[in-house]
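Undergrad: How does the following fold in three dimensions:
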Amino acid sequence: MNRQTALFVVIAVLFTAIGSYFGWKNLQPTIPANAAVATLLSKTLPDAQKQPQALSQWQGKTLLVNFWATWCPPCVAEMPELVELQAEQAKNNLQIIGIGIDSAANIQQFSTKYKITYPLLVDGLNGSELSRQFGNQAGGLPFTVLISADGQVKKLYLGRLNMQEVRADLQSL
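TA: Here you go, the predicted structure:
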């Protein structure tokens with residue numbers, strides 16, 4: 001290989017690495033200001049039984065807000081673990097809330113088929129915008145936000161949850 005070709009290869013590898021880094025960095029969730037929490041707590045959304053639920057009713061609790069959809073296999077796969085976590089951590093003031101980015105009919109049918117013991121709320125495509133306010137610029141699902149009892153965003157999770165990590169994060173609050 002001649003010197004000019006070697007230099008070209010080195011420059012190409014360098015620019016590929018730089019592009020990959022910035023592409024990866026742009027897809028990482030970023031912790032938002034409390035404006036996203038305020039927006040969340042100001043909402044009233046219907047649950048799977050079409051009953052309006054004011055999210056402000058859970059203000060002052062540790063919240064694990066899970067953005068999901070019925071058509072998302074990793075979302076559905078982590079739900080039994082979220083049910084277990086809710087039962088285990090309710091005594092520690094934890095409230096899990098599922099915000100469905102799906103139709104009301106799909107969420108109602110899903111809720112009837114599976115016994116989910118935490119609130120499943122319907123927000124349709126508006127839920128995607130709310131998740132973006134929380135830093136989910138990629139728009140990926142599932143996307144989960146850990147909010148402390150004082151309303152501070154503590155951690156963002158993009159993709160299927162690692163329950164050991166979530167438990168450790170809850171314990172550190």
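
Undergrad: measure the residue of the chain most remote from its centre to N93 for me?
TA: Residue farthest from the centre of the chain, counting by Cα atoms, centre = their mean, is N2 at 50.7 Å. Per Cβ to Cβ, to the nearest Å, N2 is found 68 Å from N93. No exception for glycine: its C-beta is placed from N, CA and C like everyone else's.

Undergrad: How about L158?
TA: For L158 relative to N93 (Cβ to Cβ), the value is 25 Å.

Undergrad: out of those two, which sits in the more crowded spot?
TA: L158 (20 against 13; other Cβ atoms under 10 Å).

Undergrad: Would you check that the more buried one makes contact with G139?
TA: No: with contact defined as Cβ atoms under 8 Å, L158 does not reach G139; the gap is 9.9 Å.

Undergrad: which SS state does G127 fall under?
TA: Going by DSSP: H, G, I helix; E, B strand; the rest coil, the secondary structure assigned to G127 is helix.

Undergrad: Leaving out chain neighbours, which residue sits closest to it?
TA: Using Cβ to Cβ, 6 or more residues apart in numbering and skipping the chain neighbours, the partner closest in space to G127 is I101 (4.0 Å).

Undergrad: With I107 instead?
TA: Closest to I107 by Cβ to Cβ, 6+ apart is G100, at 4.4 Å.

Undergrad: Pretty sure L125 is one of the things the one you found touches, is it not?
TA: No: contact criterion Cβ under 8 Å: G100 and L125 do not qualify, at 10.8 Å.

Undergrad: These two - which one has more neighbours?
TA: G100 (28 against 9).

Undergrad: do you know how far the more buried one is from N34?
TA: From G100 to N34 the distance is 24 Å (Cβ to Cβ).

Undergrad: Please apply the same query to D123.
TA: With Cβ to Cβ as the criterion, D123 and N34 are 20 Å apart.

Undergrad: neighbour-wise, which of the two wins?
TA: Shown here are D123 and N34; by other Cβ under 10 Å, D123 has more neighbours (20 against 13).

Undergrad: quick one, what contacts the more buried one?
TA: Counting by Cβ atoms under 8 Å, 6 or more residues apart in numbering, D123 makes contact with 43, 45, 99-101, 130.

Undergrad: do you know how far it is from L130?
TA: 7 Å.

Undergrad: With A38 instead?
TA: Counting by Cβ to Cβ - A38 and L130 are separated by 12 Å.

Undergrad: residues contacting S131?
TA: With Cβ under 8 Å, 6+ apart, S131 has these contacts: 67, 99, 101, 139, 143.
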